[in-house]
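[1] Make a model of this:
(4 chains, ligands or ions: 6)
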Amino acid sequence: MVTETTQQSTTDSLDSVVIRFAGDSGDGIQLVGNKFAESTALFGDDLSTFPDYPAEIRAPIGTTYGVSAYQINFGPSEILTAGDEPDVLVALNPAALKVNQEQLREGGTLLIDTGAFTEKNIKKAGYENHPLSDKALDSVNLIELDITKLTMDAVSEVGLSKKEGLRCKNVWTLGLILWMFGRSRKSVADWIETKFAKKPEIVEANLRALNAGHAYGETTELGAGLKQYTLDKSEPETGLYRTITGSEAAAWGLYAGAELSNLELFLGSYPITPASNILHQLATMTDYGIVNFQAEDEIAAICSAIGAAYAGNLGVTTSSGPGVALKTEAIGLAVSAELPLVIVNVQRGGPSTGLPTKAEQSDLHQAVFGRNGDTPLPVVSASTPADCFDVAIEASRLATKYMTPVIMLMDGTLGNSSEPWKIPDFDSYEPFPVTHRKEPEGYHPFLRDPETLARNWAVPGTPGLEHRIGGLEKDYDSGNISYDAANHQRMTDARHDKVNGIRKDIPKQDVCLGAEKGKLAVVGWGSTYGAIHKGVEQLRQKGLDVSHIHLRHIWPLPENLEDLLKGYDKVIVPELNAGQLTTLLRAQYLLPVEGVNKVTGQPFKVSEIVEAAHQALEN
Amino acid sequence: MVTETTQQSTTDSLDSVVIRFAGDSGDGIQLVGNKFAESTALFGDDLSTFPDYPAEIRAPIGTTYGVSAYQINFGPSEILTAGDEPDVLVALNPAALKVNQEQLREGGTLLIDTGAFTEKNIKKAGYENHPLSDKALDSVNLIELDITKLTMDAVSEVGLSKKEGLRCKNVWTLGLILWMFGRSRKSVADWIETKFAKKPEIVEANLRALNAGHAYGETTELGAGLKQYTLDKSEPETGLYRTITGSEAAAWGLYAGAELSNLELFLGSYPITPASNILHQLATMTDYGIVNFQAEDEIAAICSAIGAAYAGNLGVTTSSGPGVALKTEAIGLAVSAELPLVIVNVQRGGPSTGLPTKAEQSDLHQAVFGRNGDTPLPVVSASTPADCFDVAIEASRLATKYMTPVIMLMDGTLGNSSEPWKIPDFDSYEPFPVTHRKEPEGYHPFLRDPETLARNWAVPGTPGLEHRIGGLEKDYDSGNISYDAANHQRMTDARHDKVNGIRKDIPKQDVCLGAEKGKLAVVGWGSTYGAIHKGVEQLRQKGLDVSHIHLRHIWPLPENLEDLLKGYDKVIVPELNAGQLTTLLRAQYLLPVEGVNKVTGQPFKVSEIVEAAHQALEN
Amino acid sequence: MNMISPPEELNAKDFASDQEVRWCPGCGDYAILKTMQKTLPEIGARPENTVFVSGIGCSSRFPYYMSTYGFHTIHGRAPAIASGVKLSNPELDVWIITGDGDGLSIGGNHMLHVLRRNVNVQVLLFNNEIYGLTKGQYSPTSKPGLRTPSSPLGSIDSPISPCAFALGANARFVARAIDIAHKPLSSVLKRAHAHKGASFVEIFQNCVVFNDQTFSDFTDKKTGADNQIHVEHGTPLTWGKDNQYGLLIKPGTLELQKVTIGEDGVTESDILVHDETNRTMATMLAAMEGPDFPVALGVLFCDPGTPYEEAVRAVPKAPGKNVKQLLASGKTWTVD
Amino acid sequence: MNMISPPEELNAKDFASDQEVRWCPGCGDYAILKTMQKTLPEIGARPENTVFVSGIGCSSRFPYYMSTYGFHTIHGRAPAIASGVKLSNPELDVWIITGDGDGLSIGGNHMLHVLRRNVNVQVLLFNNEIYGLTKGQYSPTSKPGLRTPSSPLGSIDSPISPCAFALGANARFVARAIDIAHKPLSSVLKRAHAHKGASFVEIFQNCVVFNDQTFSDFTDKKTGADNQIHVEHGTPLTWGKDNQYGLLIKPGTLELQKVTIGEDGVTESDILVHDETNRTMATMLAAMEGPDFPVALGVLFCDPGTPYEEAVRAVPKAPGKNVKQLLASGKTWTVD
Ligand SMILES: Cc1ncc(C[n+]2csc(CCOP(=O)(O)OP(=O)(O)O)c2C)c(N)n1
Ligand SMILES: Cc1ncc(C[n+]2csc(CCOP(=O)(O)OP(=O)(O)O)c2C)c(N)n1
Ligand code: SF4
Ligand code: SF4
Ligand SMILES: [Mg+2]
Ligand SMILES: [Mg+2]
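    Residues are numbered from 1 along each chain as shown, chains lettered A, B, ... in the order given. Ligands and ions are numbered 1, 2, ... in the order given. All right, here's what the predicted structure looks like:
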């Protein structure tokens, strides 16, 4: 963990570093973060990022609620979280300092643009006194630079307007930070040249700013404050790499699921934060043969996907909690009609509109239990941005193999964060091709595969297989409407058995760190993976008997999970909700698992996991 | 229990009797049932009814899916269910026989209208051979009457068309049955006279048919087959009585809740089987000061009720599972905005459109868990038709006292069944008047009552209390929008604490039959009350140590429930679903409670409860 | 999916399923079903390429009685589900069956959007001015004052005109017919089918049980003729038993006027000629109602545009585009 | 609820809340907010009797900035919630604030029904032809071809006209205004407020960030005058910098024609006079668009009818009706 291994700011050689870029949302902070992440990935480091947007599109400049931040944790070793506390905080205006100052670790480096610390801006940020007079800053390594002026000087000769010139501040800063950590400017320069190809003077200005920032570090002697850090050179596995966000990975995974199932991908979606990025990603892929439909609302979105599934495609719909709530009735139809469908829920803070730009894991109950009737369906969840690729494939596999809607849970953090990803060899993925039924002999729409209990899938356009389905109960033996009592029981059982049967078709639950039995298991799911893993790693390094178990399959739960959990004296379940997986595990196994719950819209810190484990071990 | 105490059909004196009227949906079966129930109630018997409609409005005459039935269980002792097996089955056509024959108890009486057993009708019903040649009928007391002809004879002089004349068949049959059980014709005759006041010849014909049927019993000697039964005279508590269905009781209870809270009642609803009857009932009550709004869909229905609550009224919305699914997102808004609201779910068979006219208890998970975010709210449930009155009041009390939406669970059986009800002394109901805030000093919209944690309720129109609320997270201390991390935790906790705090404000869970600890507890909720109660009664009569616990408060659960359940060696939970309360109890108390589950769209039989208890005691 | 079908001729029976029809005896739905089963063979439809998608309601049971593909979905959502079907496989003939409650109450939004997007489906709205299946509550098309279980004192809602709504929603084909009038209904169905893009057809359907005779003013076989007008593109707008009535634009205004040919010097050549491509005219015709005006039947409006599914599918899959290509696209680097 | 208010005069500031306004700098929403704050005192509104109900979107943040009662609800549902408020307390002045996404995409159905029912509320639809809050996807009013994150190759949806939709939905008051044109907007707001029944106002609102200048053809201060017409009841339909253009009905057709006064013998008296009670005229005016026609602004249609809440509350509570009376009503019997 970062904070443990880099106690002094003067250390030149580090294991990993956490930088937090912060500024006004108009300052291009996300861009700086992204480009730094790219250079770092190209350098060969592992990394994890956490973009922290404001809720407003563009809040008035200089206000605290308009502050945008981007945190990156990087280094040669395995990086699993965006880091608990920044080692370096870049604050491009007073509001950014105000919002982020507390997070900086003791002794960390604070870089500020004094040019933006005007009286007006300081007031706007809500400071009573000059922020740099704050005693708390005594313990940090403060670097004050007039980045505004330095940038303007650098670009002055290009002849831009002042406004345009100031836009280069972020790139100047990026140049300096790249220097600090010995990263190459090349990918940034390339990007500038492509991006502004039609505006040569903008290219020129940005390149000058980039180089000036870099040169500033190289040529200026600021004492211990501003210095170059050396991280050990990484030795990642060989292979082809890229960085990927969870949203991209999910979109690609869905497309991969379609290819592996030999179906067309149909997306029906309605924009909602933080799920829209999957829609945006797939919208760029029409030339891959994807049919995209931006519907009038969430209900129409899922219904169009159900229609697509009925017509023989891989139907997908993507949304977030409030949108999924609206889809509930239609999900019931898909369960009743036994049509394959993937429903992706990129969870955000609730209840209701809640905290749209913050992440939470509070839709697990909705996913597992949240429908009228006895309406079981499989639920899967992704743990890291890149994992979204594999989980989307798994969701597609289950949906098509078992003729059922599947809910895939992600969250805002997973969707927006990025990590370097070793591009997998796609040939190693087992295809699961669907064969639509063609044979009229003996056909009825609810004929089931004796093993999976999936009904056969006949598609409009097929002669001789014309049939009618719907949401009313169906006769087990003919598929016609049936109000018969015994038949309803039989069909209810069949729907449960089908979903429960998936247990046999999913991997046994593994222990991703630690022993298969012992004192304490920390059981998690979703985006808390990194924090839990790092936490358990630290505990184990201290010789404590703690294991990390991370679920991909939320429903049905893996066959061996009960026995596995019974092998530990204690089980704790950290979740970003009020205890939803906890409820599920307690009901299933009657084990006194205990929740570690946090509902702040922020991810777990590694230290919080460590502390919770310590407590559990003590009690 | 009926079947146990009336083994021979020749018994003249009975404890209770179950009659099932069955015929084509055009035959006026529900009417006969209702009128018989009324006469029986006036006679002073206790009773319980179960109308069993076909799903179609009017299916083609004579088909099995067009069969309508009405079952009534009545007698001097306490009657809690509509009865497991009819003692008397009236089948007005072959289809009615086909559908219902199996239910008749061995040795029971079967009354058929031979006039309707034409070859055509027999074929339409799907019989291969003549139904009366069936060996199974050997063991029943078969009474064959040409009711068609007897009716036509009786009304011939009035000069109606044949079609109109035939419409009196049901009333003729009613006359005969009234004779069989010594019930008065008066209330039926009164009703006929009022109902058809404008058509004297219809009145005349019906009265003649009624009397003819009655006289037929009195004057004809058919041997042992057709005879009069004597039930012991009931001795019910003194007081004013009426019969009431669950839908009526719920409607009245909601209105009573409004009166007790000193608010106007606003209903926003959209028709859906089997919930529409509550809407219909309240629609007749505009002169009671109720505002009724038939919305364009379920979402608008609940949203209008939320608007009404915001404006200071008791907002109510009524629906069934699929409709409640659509309301999910809006329920989240009501939780977040902390507005009082009663959501009544008259459950039906699921999933999806399912079995609209059949009852199930499969929306408990939806009620307790089915929302995005951490979105707790109280859930209450009614056990008998009359209980809907009290539970609707309780829902109104919790909603207004705690400023929260409350879900009230009923089901189709409860809604449509009726029972005699001793009209309560309304003065004995404790009022819970709401005082809308008027005082501007120190006001903000999320100021909480320190005890209940309810926020104060200020209503548009009040000077000085103008405020804005919504579904975004709010600052605990000002009610303004807040994206602050710690505040979100605090508000999440406050919402949970508020709902959990209700535990202290609800009665301790009682044991409605049996000891407070022992071998076996049978825990139920909702409309299964009667079957469980009768079953436990029988078991106890046999000396078995079994208790019946029936929950009204599903969430939060009563404070003492955990200790109470721990006092039994074994706990079983019969439910008309795949085990939903079971999950909840297991998760809460880590007790190995076991489900007894039935998902056929039919209520439990007493014998099923008895058998399940026996099994539990043996294992 | 373009099935090469054997050339045998199909007939109405080939479009009837084996399920017993379960509407109330005398319900107008029977007549519509019959007409549909007779019409489909006439337009060369194939059962395997035909899909009926419906919501919930008496009318929405329709798909069960057709021997084609059918999907009885959930209340109000048929247009959205049908859009998914059509976008997925444009070769299919997709019919939407809905009611005044299903299509205009809970489903009004999807109706709006399927029409404005111009998805190439046929929407048949069975308007009986009542919620039949749920036993007779008033609907958004019910006449004011209608007494129903949910409006015991008479409905107070002002109703919506389905065709006016469709025209406001930018629909490009809007037509009307009567359930039991086989020939005009059949020809409207044929036109709707032939129209590329969303076709909206309002069918006046009699609910014998809960709203009997609500349309009898203009549907009655004896007296109806004077109260209905069959519009036809390029033909003067006349009606009546002897075609004695006609429509004019009241001079200097934007209002229709009913005239009698031969009276006040009005001749047939004075009569307004129906132009089905004129949305204003269609809107005026749709708004006509008794007793002063006849109810307009037939194709009120038809002005084709690009069907949505064609636009959606305008970008075909590029050769070589697959997951491997995708994984390797964009910015990557190699560690070796 | 009829508050007897102290007679002090209020001004714009009295209608501004203490919350910092959080739209993007330059957003058209600011201008609308200002105009609203200035207009309310002019019509004698009281903060305590005024309620703003909104859905979700940038526009829907509006209530937070007013010092009145306000409810920022969920996406698309403001008309339904506002209906509940108004039916509960008809004394309140209820304004609905919505966007083109909120009001016409997810919320289209509630919009339809609040209009056709004629609930006495004012609906202000801020049309910026984009989903602002979710960062710029195309909306149901976006122009075809618009490139957005969800339509990178350009939107293929054919858009809906909010006013045409409202007229098809049987709305009885339909008007239009431009965000930054204070005076006409203010007078439209006053008319909407004065109208008893549902008033629908489309406000062209510029989203500087995601759809800048989409209306500039007719809103531009310099060149716009030739491309916009302010309609006024009883006044000839003329426009242009010098009022040089006018509208006619093309003789013998149902189409509008643009003419220049003084050319081809056209005089001002030939010009069509606006009749705001004529739905056909309103529909034609709403449909006009550039470059051939000006965009119509002002009150396109106004034809009052009974407001819904009056009809709902027509049956007052009868004296003596209470729970006790209810319990004793109907068929009862006594056991003694
Ligand atoms: C979500 C949901 N809400 C309500 C219902 C109940 N419901 C079924 S059909 C119907 C209305 C039917 O009216 P219409 O569409 O006019 O069809 P009709 O029966 O008159 O043909 C209603 C309210 C339902 N099935 N699902
Ligand atoms: C149920 C639900 N679906 C989707 C969203 C996401 N969402 C919020 S506002 C919006 C569209 C806003 O567009 P518009 O109404 O035009 O408002 P604008 O921001 O342009 O003013 C969307 C899709 C949401 N908040 N809730
Ligand atoms: S209720 Fe009406 S619409 Fe429904 S089947 Fe019967 S007659 Fe037809
Ligand atoms: S995104 Fe557009 S509509 Fe939203 S506040 Fe910014 S400029 Fe206004
Ligand atoms: Mg209908
Ligand atoms: Mg918008």
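
[2] out of everything not next to it in sequence, what's closest to residue 130?
    Picked chain A for this. Leaving aside its sequence neighbours, A:His130 sits nearest to A:Ile122 (CB to CB, 6 or more residues apart in numbering or on different chains; 6.4 Å). No exception for glycine: its C-beta is placed from N, CA and C like everyone else's.

[3] Oops, wrong one, chain C.
    Nearest non-adjacent residue to C:Ile130 (CB to CB, 6+ apart): C:Asn211, at 4.1 Å.

[4] Tell me the helix or strand right after the helix or strand containing A:Val536.
    If you go by DSSP states H and E, A:Val536 is part of helix A:529-541. Next along the chain after helix A:529-541, taking DSSP H and E as the criterion, comes strand A:546-551.

[5] circling back to that earlier point, please work out the average pLDDT along the helix or strand encompassing the residue nearest to A:His130.
    In the assignment (DSSP H and E), A:Ile122 maps to helix A:119-124. The pLDDT scores in helix A:119-124 average 91.

[6] State the mean pLDDT of the host helix or strand of A:Gly595.
    Element membership of A:Gly595, judged by DSSP H and E, is strand A:594-597. Summarised as a single mean, pLDDT over strand A:594-597 is 98.

[7] what does stretch A:459-471 give?
    98.

[8] Name the residues of that stretch that are buried.
    Within stretch A:459-471, the residues that count as buried by 16 or more other CB atoms under 10 Å in any protein chain shown are A:459-462, A:465-471.

[9] how about C:Pro144, phi and psi?
    phi -60, psi 140 (degrees, to the nearest 10).

[10] Filter the buried residues of stretch A:459-471 to keep only those in contact with chain B.
    A:470-471 (CB under 8 Å from any CB of the partner chain).

[11] Just the buried residues of stretch A:459-471: which are in helices?
    Assigned to helices by DSSP state H, none of the buried residues of stretch A:459-471 qualify.

[12] And the residue nearest to A:Asp374 when sequence neighbours are not counted, how close does it get to A:Val406?
    In space, and not counting its chain neighbours, A:Asp374 is closest to B:Ala578: 4.3 Å by CB to CB, 6+ apart. B:Ala578 sits at a distance of 19 Å from A:Val406 (criterion: CB to CB, to the nearest Å).

[13] ditto for A:Tyr476
    23 Å.

[14] Mind checking which of those two has more residues around it?
    A:Val406 (27 against 20; other CB atoms under 10 Å in any protein chain shown).

[15] what about the more buried one, helix or strand, and which?
    strand A:405-411.

[16] A:Thr318 too?
    strand A:314-319.

[17] quick one on the thing from earlier: the residue nearest to C:Ile130: what secondary structure?
    Three-state assignment for C:Asn211 (DSSP: H, G, I helix; E, B strand; the rest coil): coil.

[18] That one contacts C:Tyr131, correct?
    No: contact criterion CB atoms under 8 Å: C:Asn211 and C:Tyr131 do not qualify, at 9.6 Å.

[19] Between these two, which has more neighbouring residues?
    Each of C:Asn211 and C:Tyr131 has its neighbours counted (other CB under 10 Å); C:Tyr131 has more, 31 against 22.

[20] how near is that one to ligand 6?
    Distance of C:Tyr131 to ligand 6, given as CB to the ion, to the nearest Å: 34 Å.

[21] Determine the longest helix present in chain C.
    Assigned via DSSP H, chain C shows its longest helix as helix C:28-42.

[22] Tell me if it is near ligand 3.
    Yes: if you take CB under 6 Å from any ligand atom as the test, helix C:28-42 does meet ligand 3, through C:Asp29.

[23] so what secondary structure elements neighbour that helix?
    strand C:122-127, helix C:182-194 (3 or more CB pairs under 8 Å, 6 or more residues apart in numbering or on different chains; DSSP states H and E).

[24] rerun at 10 Å
    With contacts taken as 3 or more CB pairs under 10 Å, 6 or more residues apart in numbering or on different chains; DSSP states H and E, helix C:28-42 sits against strand C:93-99, strand C:122-127, strand C:173-178, helix C:182-194, strand C:199-204.

[25] Counting neighbours, what do you get for A:Glu144?
    As a burial measure, A:Glu144 scores 15 neighbours (other CB under 10 Å).

[26] Excluding covalently adjacent residues, which one is nearest to it?
    A:Thr114 is the one closest to A:Glu144 (CB to CB, 6+ apart), at 4.9 Å.

[27] how many neighbours does the residue in chain C positioned nearest to chain D have?
    When distances are taken as CB to the nearest CB, chain C reaches nearest to chain D at C:Gly168, 1.6 Å away. Neighbours of C:Gly168 under the rule other CB under 10 Å: 31.

[28] strands paired with the strand holding A:Val406, and their directions?
    strand A:341-347 (parallel), strand A:379-381 (parallel) (DSSP bridges).

[29] Helix or strand next in line after that strand, which one?
    helix A:412-416.

[30] quick one: whatever helix or strand comes next after that next one near chain D?
    Per DSSP H and E, the first helix or strand lying C-terminal to helix A:412-416 is strand A:418-422. No: Strand A:418-422 does not reach chain D (CB under 10 Å from any CB of the partner chain); its nearest approach is 17.6 Å.

[31] Next, the buried residues of strand A:418-422.
    A:418-421.

[32] packing partners for it?
    helix A:29-43, strand A:46-52, strand A:67-75, strand A:239-245, helix A:246-261, helix A:387-402, strand C:333-335.

[33] mind saving the C-alpha coords of that strand as PDB?
    Taking C-alpha atoms only, strand A:418-422 is exported to PDB below (Å, rounded to 0.1, in the frame of the first residue of the first chain):
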ATOM      1  CA  SER A 418      -9.500   2.600 -16.200                       C
ATOM      2  CA  GLU A 419      -6.700   0.200 -15.900                       C
ATOM      3  CA  PRO A 420      -4.100  -1.300 -18.200                       C
ATOM      4  CA  TRP A 421      -5.400  -4.500 -19.700                       C
ATOM      5  CA  LYS A 422      -3.400  -7.200 -21.200                       C
END
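
[34] re earlier: out of the buried residues of strand A:418-422, which is nearest to ligand 3?
    Set against ligand 3, the nearest of these by CB to the nearest ligand atom is A:Ser418 (56.4 Å).

[35] From what I see, that closest one and A:Lys35 are in contact.
    No: using CB atoms under 10 Å, A:Ser418 makes no contact with A:Lys35, being 11.8 Å away.

[36] Could you measure from the residue of chain C most remote from its centre over to chain A?
    Among the C-alpha atoms of chain C, the one farthest from their average position, using CA atoms, centre = their mean, is that of C:Asp336, at 64.3 Å. The gap separating C:Asp336 from chain A is 5 Å, by CB to the nearest CB, to the nearest Å.
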